[in-house]
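Asks: Provided below are the primary sequence and the corresponding predicted coordinates.
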Amino acid sequence: MIASGVTRTRRAFAGLALLAGGALGSTAAFANPVPWQLNMPQGVSDISKRVYDLHMLGLYVCAGIGIVVFAVMFVAMFRFRKSRGAVAQTWAHNTRLEVVWTIIPILLLIMLAWPATRLLIDMNDVGESDLTVKVTGFQWRWRYDYVEYQKQDPGVHFISSLDTESNRVRQLGSGLDPNAVKDGDYSSYLLNVDNPLVVPVGVKIRFLITADDVIHSWWVPTLGWKQDAIPGFINDNWTKINTPGLYRGQCAELCGRDHAFMPIVVKAVPQAEFEQWLATHKSAAAATAAVGAAPDGQG
Ligand code: CUA
């Protein structure tokens with residue numbers, strides 16, 4: 001009985017999570033955040049899925065504690081109220097009960113801390129990556145340097161800025177409709193860039209994250225983490241994306257006037273396609289380097 005009750009509760013929560021994921025009812029609901037989404041996305045990497053599962057475990061425990069505590073409280077309030085002739089007991093301590101309500105929280109904390117610690121350790125393990133991308137935050141755009149791919153320097157770097165369409169609409173008094181800004185059928189107002197970060201799926205990607213002026217934060221919810229970009233420091237993090245797609249994010253650290261206007265777009269493509277893209281950009285970069293006059297962001 002208890003087991004089926006638990007299953008039912010789990011199912012109810014899973015249903016809520018699905019609803020929260022969006023009424024789309026497809027896996028797309030878990031890829032990018034959608035309007036009115038309540039729960040976090042499951043994401044597109046093993047790590048992001050584990051982050052989601054850990055979050056759900058914490059949620060179930062919190063909900064369970066809430067239900068038990070409020071149930072006991074309301075039973076006490078209604079059943080043992082003065083108007084029903086309740087008389088207070090005179091004892092004040094119950095050693096056995098105190099031991100129980102100390103041990104249960106300790107067990108719950110261990111149950112949460114164990115997977116959380118394992119996940120943190122795995123999230124910090126940036127070793128044995130095949131691709132290294134350096135991310136630099138600027139007021140108010142991102143620079144991406146492909147530092148290493150399969151032990152070689154691809155020599156590809158570019159600046160990624162807010163797309164021109166969003167930029168036009170956002171101008172004061174533009175009179176343009178933000179809802180009309182689309183990337184395909186996605187409402188991409190302030191969520192699209194001119195040059196997305198192109199990465200391969202199924203490859204461990206290490207990110208080196210820093211900034212050149214003030215603190216920014218590189219955040220793509222679908223990857224399951226955000227990482228501060230701090231001038232003078234290099235933070236690292238990693239991902240291995242399972243599903244090709246466009247994954248959007250934003251700067252997540254208040255970095256000045258245009259904080260809201262430095263979105264992130266990660267374009268995950270099959271490895272062969274990525275290598276083709278890299279080769280194209282490499283030769284383009286080499287050509288502009290030969291001319292010697294190309295500013296950053298054109299490479
Ligand atoms: Cu960069 Cu906020």
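Replies: Structure's in. What do you need? All of these numbers come straight from a predicted model, not from anything done at the bench.

Asks: Nearest spatial neighbour of the closest residue to the ligand within the stretch 1-150 of the chain, chain-adjacent residues omitted?
Replies: Nearest to the ligand, among the residues of the stretch 1-150 of the chain, is G137, at 5.3 Å (Cβ to the nearest ligand atom). Using the backbone N, CA and C atoms, a C-beta is placed for each residue, glycine as well. Spatial nearest neighbour of G137, chain neighbours left out: H216 (3.1 Å); criterion: Cβ to Cβ, 6 or more residues apart in numbering.

Asks: For this structure, list the residues in contact with the ligand, please.
Replies: Within the chain, the positions lying close to the ligand (Cβ under 6 Å from any ligand atom) are G137, W140, H216, C251, E253, L254, C255, H259, M262.

Asks: isn't the second one right up against C251?
Replies: Yes - W140 sits in contact with C251 when judged by Cβ atoms under 8 Å, with a separation of 7.5 Å.

Asks: Now do the strands in this protein.
Replies: Assigned by DSSP state E, the chain shows strands spanning 131-138, 141-149, 156-160, 182-183, 186-187, 197-200, 205-211, 216-220, 225-229, 235-239, 245-251, 264-269.

Asks: So for Q89, which of the ones you listed sits nearest?
Replies: strand 225-229 (51.2 Å; Cβ to Cβ).

Asks: which other helices and strands contact the closest one?
Replies: If you count contacts as 3 or more Cβ pairs under 8 Å, 6 or more residues apart in numbering; DSSP states H and E, strand 225-229 packs onto helix 46-79, strand 131-138, strand 205-211, strand 216-220, strand 235-239.

Asks: Buried ones among the residues of the chain next to the ligand?
Replies: Buried members of the residues of the chain next to the ligand, counted by 16 or more other Cβ atoms under 10 Å: G137, W140, H216, C251, E253, C255, H259, M262.

Asks: Identify the residue with the minimum pLDDT among those.
Replies: pLDDT across these is lowest for W140, at 93.

Asks: Would you enumerate the residues in contact with that residue?
Replies: L162, C251, C255, G256, R257, D258, H259, F261, M262 (Cβ atoms under 8 Å, 6 or more residues apart in numbering).
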